[in-house]
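> Pasting the sequence and the predicted model now:
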There are 2 protein chains.
Amino acid sequence: MIRRGSQVITRLGHTRALPGPFCVLPRLDVASVYSSSTDALISQFCLGKEGLKDYAVPNASWCPDMLSLYHEYLEKTKSDGWFKLPSFKSNREHIQGFQLPSAFKVTSDKKDWRNFTRGIQVEGQGYEYVIFFQPTKKKSVCLFQPGPFLEGPPGFAHGGSLAAMMDETYSKTAYLAGEGLFTLTLNIKFKHLIPVGSLAVLNVEVDKIEDQKLYLSCVTQSQDQQTLYAKSSSVFIRLPLEKESPQ
Amino acid sequence: MIRRGSQVITRLGHTRALPGPFCVLPRLDVASVYSSSTDALISQFCLGKEGLKDYAVPNASWCPDMLSLYHEYLEKTKSDGWFKLPSFKSNREHIQGFQLPSAFKVTSDKKDWRNFTRGIQVEGQGYEYVIFFQPTKKKSVCLFQPGPFLEGPPGFAHGGSLAAMMDETYSKTAYLAGEGLFTLTLNIKFKHLIPVGSLAVLNVEVDKIEDQKLYLSCVTQSQDQQTLYAKSSSVFIRLPLEKESPQ
């Protein structure tokens, strides 16, 4: 994978300046570039990360609906091929040992980084969510409970907070399903407002994978499926990570 | 405006359950419903709010580019008809004395609410932004500096954080330009990643207003306009606020 990653970057280097418009990538030899198995990606992204704090676990702020559905999906990890994805403070922890392709690196002296959806740290105030992934069916379910610091219209979640939750669920799904690394497009139709403190369930599916692009869609509903909150679709560009160079 | 707001709600009441799919609103007598002048909306939303903390002012975390462009637009407020929009902790403070239409109200015992884009409170860690609005041209400029708690790919802003910044700028622009209250659609094409700590400039325009819908578009670029970060478009539904009922 490492060599193949370097090949991609070498080819990209001819066509664009850093960090480059990733929507006009040159044609790649797809079969030779994307060959990491989903098992390997899950292992790299989720497993063997003992000692890192996982934020995608129940806490006192979770509403009964969220807790109940969490345990329902947790049961499915034992027999139905589902994985509960851990959620660390930063994507740097998820990809330990790997890094973005060279063309997308920036230098910075900042020490404390947080993934956007884990930026508000007090339990229950911001994002409460957990993502389950089913590799065979290439689908994910995200249980999302917006807190009072995610408000838009009084009493309801900000449309942008749902957009970000979709993008986050898409990004984890796209990476594990086929090395989808960056969002190219995100199209959302909002149907109902989500009350703060309630549970919204995002059902994400990979619709197709074609060459360098991965196409996904998402339906966001109430737990009882009686209220449709939003529908969306997204396209990701596929790029393998590189092996991190020694410090 | 109050009576007209009630008319809207009365009519809406016949067609949907709370809080109702705002994408299938019944036909309204537009001329009679939306007649608040932009001056009145600006006055209601922005002015006479002494004593409330405005977060859209420079602090030590702002990069020189952001500070410089802030002062440039501040000059335009003196002669070119631009307004610097204040940014309070919650939209509840922006609409003091008014409330969402009855169909969109929820009860809650939560005391501390924050607008999503003001949810991370330490200066420089989360969203740093300021929006300027030009009512005659129906356009806005948002100066946006993402902090390290808005990270997605290591070193870059999460795509969802830009989506939310767009939605926030759209929502303020849509409301002041024509009582656009809720996002119906948001379509984004991402072109480049925004490095954390750098300045991105969002240029939002109202493309057209037709009956109950308000159509907007946004181009997000670097300050020197050499890097296009993203393009997007959005549609808002127009609904007047109601006068708040006495407690």
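Alright, I've got the coordinates.

> in chain A, which residue is closest to the centre?
The geometric centre of chain A, computed from its C-alpha atoms, lies nearest to residue A:172 (Cα atoms, centre = their mean), at 2.7 Å.

> Tell me how far that residue lies from chain B.
From residue A:172 over to chain B the distance is 11 Å, taken as Cβ to the nearest Cβ, to the nearest Å. In this view, the C-beta of every residue, glycine as well, is placed from N, C-alpha and C.

> C-terminal to the helix or strand where that residue lies, what's the next element?
Element membership of residue A:172, judged by DSSP states H and E, is helix A:159-178. Counting by DSSP H and E, the next helix or strand C-terminal to helix A:159-178 is strand A:180-190.

> so what secondary structure elements neighbour that next one?
Under the contact criterion of 3 or more Cβ pairs under 8 Å, 6 or more residues apart in numbering or on different chains; DSSP states H and E, strand A:180-190 touches helix A:159-178, strand A:213-222, strand A:228-238, helix B:159-178, strand B:180-190.

> For the last one, what is the distance to the chain centroid?
Its chain's average C-alpha position is 11 Å from that of strand B:180-190, according to Cα atoms, centre = their mean, to the nearest Å.

> Show me where chain A has its helices.
Here chain A has its helices, by DSSP state H, at A:2-13, A:30-33, A:38-46, A:64-79, A:91-94, A:159-178.

> Tell me which of these sits most buried.
Neighbour counts (mean count of other Cβ atoms under 10 Å in any protein chain shown) averaged over each of these peak at helix A:159-178, with a mean of 27.

> any idea of the angle it forms with helix A:38-46?
130 degrees (axes from the mean of the first three to the mean of the last three Cα atoms, to 10 degrees).

> okay, the angle between helix A:159-178 and strand B:180-190?
If you take the same axes, to 10 degrees, helix A:159-178 sits at 30 degrees to strand B:180-190.

> and the nearest residue to residue A:214 once chain neighbours are set aside, what is it in contact with?
Using Cβ to Cβ, 6 or more residues apart in numbering or on different chains and skipping the chain neighbours, the partner closest in space to residue A:214 is residue A:180 (4.0 Å). By Cβ atoms under 8 Å, 6 or more residues apart in numbering or on different chains, the contact list for residue A:180 reads A:170-171, A:173-174, A:214, A:216, A:236-238.

> Show me which of these is closest to chain B.
The closest of the contacts of residue A:180 to chain B turns out to be residue A:171 (Cβ to the nearest Cβ; 7.3 Å).

> So the closest one sits against residue B:152, correct?
Yes. Here residue A:171 lies in contact with residue B:152, judged by Cβ atoms under 8 Å, at a distance of 7.3 Å.

> what touches both of these two?
residue B:159.

> okay, the helices of chain A in a markdown table with mean pLDDT next?
Formatted as a markdown table, those follow (pLDDT from 0 to 100):
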| stretch | mean pLDDT |
| --- | --- |
| helix A:2-13 | 34 |
| helix A:30-33 | 50 |
| helix A:38-46 | 82 |
| helix A:64-79 | 97 |
| helix A:91-94 | 89 |
| helix A:159-178 | 97 |
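
> Columns distance to residue A:126 on top of those, output as TSV?
What follows is the helices of chain A, written out as TSV (distance: least, Cβ to Cβ, whole Å):
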stretch	distance to residue A:126
helix A:2-13	34
helix A:30-33	37
helix A:38-46	22
helix A:64-79	14
helix A:91-94	17
helix A:159-178	9
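
> Those helices: which one's closest to residue B:140?
Closest approach to residue B:140 among the helices of chain A (Cβ to Cβ): helix A:159-178, 15.5 Å.

> now the angle between strand A:213-222 and the closest one, please.
With the same axes, to 10 degrees applied, the angle from helix A:159-178 to strand A:213-222 works out at 130 degrees.

> Excluding chain neighbours, give the residue nearest to residue A:96 in space.
Spatially, and ignoring its direct neighbours in sequence, residue A:96 is nearest to residue A:49 (7.3 Å; Cβ to Cβ, 6+ apart).

> Then residue A:41?
residue A:176 (5.1 Å).

> picking that back up, any idea of the angle the helix holding residue A:172 forms with strand A:228-238?
Using the same axes, to 10 degrees, the direction of helix A:159-178 lies 50 degrees away from that of strand A:228-238.

> which outside residues touch stretch A:122-131?
By Cβ under 8 Å, 6+ apart, the surrounding residues in contact with stretch A:122-131 are A:56-57, A:59-62, A:66, A:70, A:84-85, A:87, A:117-120, A:140-150, A:161, A:165, A:168-169, A:172-173, B:112, B:119.

> next one: stretch A:57-65
Applying Cβ under 8 Å, 6+ apart, the external contacts of stretch A:57-65 come out as A:66-67, A:70, A:123-124, A:128, A:130, A:145, A:147, A:197-199, A:223.

> thinking again about what came up before, so which of the helices and strands packed on strand A:180-190 is nearest residue B:39?
helix B:159-178 (9.9 Å).

> so how far is that closest one off the chain centroid?
Here helix B:159-178 shows a centroid-to-chain-centroid distance of 4 Å under the convention Cα atoms, centre = their mean.

> what about dumping the CA coordinates of that helix to CSV?
Output of helix B:159-178 as CSV, limited to C-alpha atoms (Å, rounded to 0.1, in the frame of the first residue of the first chain):
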residue,chain,number,x,y,z
GLY,B,159,-15.5,19.6,5.6
GLY,B,160,-18.5,19.7,8.0
SER,B,161,-17.1,22.8,9.7
LEU,B,162,-17.1,24.6,6.4
ALA,B,163,-20.6,23.3,5.6
ALA,B,164,-21.8,24.7,8.9
MET,B,165,-20.1,28.0,8.3
MET,B,166,-21.8,28.3,5.0
ASP,B,167,-25.2,27.4,6.5
GLU,B,168,-24.7,30.0,9.2
THR,B,169,-23.8,32.7,6.7
TYR,B,170,-26.6,31.7,4.4
SER,B,171,-29.1,31.8,7.3
LYS,B,172,-28.2,35.3,8.5
THR,B,173,-28.1,36.6,4.9
ALA,B,174,-31.4,34.9,4.0
TYR,B,175,-33.2,36.2,7.1
LEU,B,176,-32.1,39.8,6.6
ALA,B,177,-32.6,39.8,2.8
GLY,B,178,-36.1,38.4,2.9
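
> wait, what's in contact with the residue nearest to the centre of chain A?
A:45, A:85, A:131, A:133, A:140.

> The second one and residue B:145: what is the separation?
Going back to what we said before, that points to residue A:85. Relative to residue B:145, residue A:85 is positioned 30 Å away (Cβ to Cβ, to the nearest Å).

> and what of the fourth one?
Per Cβ to Cβ, residue A:133 is found 33 Å from residue B:145.

> Looking at the two, which has the bigger crowd around it?
residue A:133 (27 against 23; other Cβ atoms under 10 Å in any protein chain shown).

> before we move on, the earlier item: between the contacts of residue A:180, which is nearest residue B:204?
Checking these against residue B:204 with Cβ to Cβ, the nearest one is residue A:170 at 24.3 Å.
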